[in-house]
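# Below is the sequence, then the predicted model.
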Amino acid sequence: MSAVLPPTGPLLGFPFSGQSKEASPGPTAPTVQSPILSPSFSYGQKRKLSHDDDSDDEMVGSPDSSLALATRNLAPLAQQHHNAVQSGFLSSPQHAVHHHNASKRARTEIIGRPLPLSRQLESLDARALKAMICSLADKHAYLVDEISSMAPTPTVSSSLELLSRHLDRISSAFPYKGDPAGDYAYIRVRPHVAEFLDAVSDYTPHFLPPREQQVGNCLQFLDGVTSLVHRLPEWRADANNALKQAAYDELSRAWSLVVREALKRANGIVLEYGGWRDKIAKHNESAGGRLQSAVDAVDQGLGNAGRRFGRFF
């Protein structure tokens, strides 16, 4: 049995009437037309008394049925709005965001570009980098002094280490078979011998006075580089030994220059008490007497000095 509602009168915006089905007939409330619902539906419409139509009456007067009616009536308007968006007359927020993102991607598009100079240089090995810098200096002579001032000054130890690597290339170039003192072996290693001796000729003046002011550095470099030249191979043919002999002649002049410079300082005390007289004599013996001029310079310079120092020791 349906509950009896109090007679509160018609409620605008609510689909039910203010009276129940069992209430006595009375004056009906004025019908209020909704702009959304169908004109045939009114808020003041009474429920049907037929038992057969009771279920239909509840469905028509329920809130769900009102929502269904409103949805059916709004469907054409939604379709018209969709058509307007598609035709370009309206623009949805989602469409605007998509257009903004597409234009942003277009502005930040990445394109090809060459490598920076630093990345190009790091891909080069030391030999290729050296060749490139030397070629650049040959084309632009004014760059020589600037590059030299920027490059670190080589030390005695670093220079001897580099010369030692040049010497190792000579040993690696020897053939596996055959006479190691023969002409074929000499032909194989001669380019590496020439490269090593060229490096010796370039580094030796760097450690000679007046370029090098420390006599100790001069003596230390000459001692190391002369030991490296001793390790050059001896060939059966005398003509093949010409490069090594020329290197000894150059080293002999360098030793003589340094000895004379050392004798000017404290009467050659560095030579006498540094053991350089004996070291130079041994180098001369290993060189087959080609450093005799350096030995003579030491003996002449330290003759009187040695006797003078001998009175105190």
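Structure's in. What do you need?

# Show me the shaky parts of the chain.
Applying pLDDT under 70 to the chain flags the ranges 1-107, 304-313.

# To what extent is L228 buried, counted in neighbours?
When neighbours are defined as other Cβ atoms under 10 Å, L228 has 17 of them. In this view, the C-beta of every residue, glycine as well, is placed from N, C-alpha and C.

# Tell me the buried residues in the host helix or strand of it?
Taking DSSP states H and E as the criterion, L228 maps to helix 215-230. Neighbour counts over helix 215-230 (16 or more other Cβ atoms under 10 Å) mark 215, 218-226, 228-229 as buried.

# cool, stretch 186-195 as well?
186, 189, 192-193.

# Mind putting the residues you listed into CSV with secondary structure and distance to I280?
Formatted as CSV, the buried residues of stretch 186-195 follow (DSSP: H, G, I helix; E, B strand; the rest coil; distance: Cβ to Cβ, whole Å):
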residue, secondary structure, distance to I280
Y186, helix, 30
V189, helix, 29
H192, helix, 28
V193, helix, 24
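
# nearest to Q245, of these?
V193 (12.3 Å; Cβ to Cβ).

# List the contacts of the closest one.
V193 makes contacts with 170, 232, 243-244, as judged by Cβ atoms under 8 Å, 6 or more residues apart in numbering.

# Now the buried members of those.
170, 232, 243-244.

# Make JSON lines from those and add distance to E146 to it.
Output for those, formatted as JSON lines (distance: Cβ to Cβ, whole Å):
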{"residue": "I170", "distance to E146": "34"}
{"residue": "L232", "distance to E146": "36"}
{"residue": "L243", "distance to E146": "35"}
{"residue": "K244", "distance to E146": "37"}
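
# Next step: the residues you listed restricted to helices.
Of these, the ones assigned to helices by DSSP state H are 170, 243-244.

# Compile those into TSV and extend it with columns for distance to R236.
Below are those laid out as TSV (distance: Cβ to Cβ, whole Å):
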residue	distance to R236
I170	17
L243	15
K244	13
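
# on that earlier part again, using JSON lines, please lay out the buried residues of helix 215-230 together with distance to E122.
Converted to JSON lines, those look like this (distance: Cβ to Cβ, whole Å):
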{"residue": "V215", "distance to E122": "40"}
{"residue": "C218", "distance to E122": "37"}
{"residue": "L219", "distance to E122": "39"}
{"residue": "Q220", "distance to E122": "34"}
{"residue": "F221", "distance to E122": "32"}
{"residue": "L222", "distance to E122": "37"}
{"residue": "D223", "distance to E122": "37"}
{"residue": "G224", "distance to E122": "32"}
{"residue": "V225", "distance to E122": "32"}
{"residue": "T226", "distance to E122": "37"}
{"residue": "L228", "distance to E122": "32"}
{"residue": "V229", "distance to E122": "36"}
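
# So which elements touch the helix holding L228?
helix 156-172, helix 183-203, helix 242-263, helix 269-273, helix 276-286 (3 or more Cβ pairs under 8 Å, 6 or more residues apart in numbering; DSSP states H and E).
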